[in-house]
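Undergrad: no FASTA, just this:
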């Protein structure tokens, strides 16, 4: 790579990189999300429910195993090869899942491989966005990029269960295969690595940012604490609404709508961080807001307020708002030669914490009910507050 002048905020190439990054991440999310949506069909075909649940968790486990490794590879060879090559490998894994339908062991291995390979898009797509957008537009760009996850989840929800029920599990896996293959080609052709000096042209390779101070460690810890309220609502929001008297279809629609509102909120928070010139300042405000809305939901559950659905939408929007802020902050602090690994570590911590939400909060709900559970979860953002760095750090 050669040193070039960074693009202007409205550079068509920068927006093209963003669009391809969103598409790549959405395709990876589709692959990771599909197994969970296949649980009813797998169970109907004779797979025991615990085994079906294990199959649904295989992609997430695969991602945790490889996120940091993909980040390190991205730091070494660049984004285009990692994203396009990772999607090509994900296509192969999805084809393997298609062929293995009916064999739980082989299907589980294919799902595991799908998670391991799709993790390539997580760090690399975020890194390409940060690299192409100047600092004063990264909040907006990363907010848009963060929409890729709800986009992939929505696409999976609208296609995978319906195709599996109407036809077969194999039919439901065709879209992931095709989408990953198409985007692998598009990214190979369309992505250009961000304009940054080649390693050979740098007099001294930047030191490990994790050893210079505790900034990155603190942001990682904050994100782990703040991801718990987010996944508490995405996992148990529907169950809570049904308990308030909502029908399951209506509750599902509201949960889906709240996720969309939250995705838009990420963009707005990103714009806010651009305007104030800080990521950690808005992150601190979001942490306070997350504690407040979870406490409010606990109050709603106790008092049975009629506007519970409205509060759930508000709470969902607030609890997802930290993702883009923390992600951008990590990338900026790590710098162009460490951001891949740092973003991989960021995602790994969040995935590990998120995986504990299902059984952990489920046990809490069984023991102390939703009001008590929401109240306990509300404490975690308060614990995150003193960990939020006071000032931003940038290694651009």
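TA: All right, it came through fine. Treat the numbers as computed from the prediction; the structure is a model and nothing was measured.
Undergrad: Spit out the contact partners of the nearest residue to residue 208 once chain neighbours are set aside.
TA: Sequence neighbours aside, residue 338 is the residue nearest to residue 208 in space, at 7.1 Å (criterion: CB to CB, 6 or more residues apart in numbering). C-beta coordinates here come from the backbone N, C-alpha and C atoms, glycine included. For residue 338, the contact set (CB atoms under 8 Å, 6 or more residues apart in numbering) comprises 75, 206, 208-209, 395.
Undergrad: redo that, cut-off 10 Å
TA: The contact partners of residue 338, taken as CB atoms under 10 Å, 6 or more residues apart in numbering, are 71-72, 75, 205-210, 216, 330-331, 395.
Undergrad: Have a look at the residues you listed and tell me the least confident one.
TA: Comparing pLDDT over those singles out residue 205 as the least confident position, at 64.
Undergrad: State the pair within the contacts of residue 338 that is farthest apart.
TA: The largest separation in the contacts of residue 338, counting by CB to CB, is between 205 and 330 at 19.3 Å.
Undergrad: residues making contact with stretch 362-374?
TA: Contacting residues not belonging to stretch 362-374 are listed as 229, 232-233, 235-236, 239-240, 243-244, 293-303, 315, 360-361, 375-377 [CB under 10 Å, 6+ apart].
Undergrad: Sketch out the low-pLDDT regions of the stretch 151-300 of the chain for me.
TA: Within the stretch 151-300 of the chain, the stretches falling below the threshold (pLDDT under 70) are 196-205.
Undergrad: hmm, back to that, which one of residue 205 and residue 330 is surrounded by more residues?
TA: Under the criterion of other CB atoms under 10 Å, the comparison of residue 205 against residue 330 puts residue 330 first, with 26 against 9.
Undergrad: Contacts only, for residue 111.
TA: Neighbours of residue 111 in contact, by CB under 10 Å, 6+ apart: 31-32, 34-35, 38, 54-62, 93-94, 96-97, 100.
Undergrad: Mind listing what's buried along stretch 90-108?
TA: For stretch 90-108, a neighbour-count test (16 or more other CB atoms under 10 Å) marks 90-98, 100-101, 104, 107-108 as buried.
Undergrad: Go ahead and measure how far stretch 341-360 is from the middle of the chain.
TA: The chain centre lies 10 Å from the centre of stretch 341-360; the measure is CA atoms, centre = their mean, to the nearest Å.
Undergrad: hmm, I was thinking of stretch 313-333
TA: Its chain's C-alpha centre lies 10 Å from the corresponding centre of stretch 313-333 when counted by CA atoms, centre = their mean.
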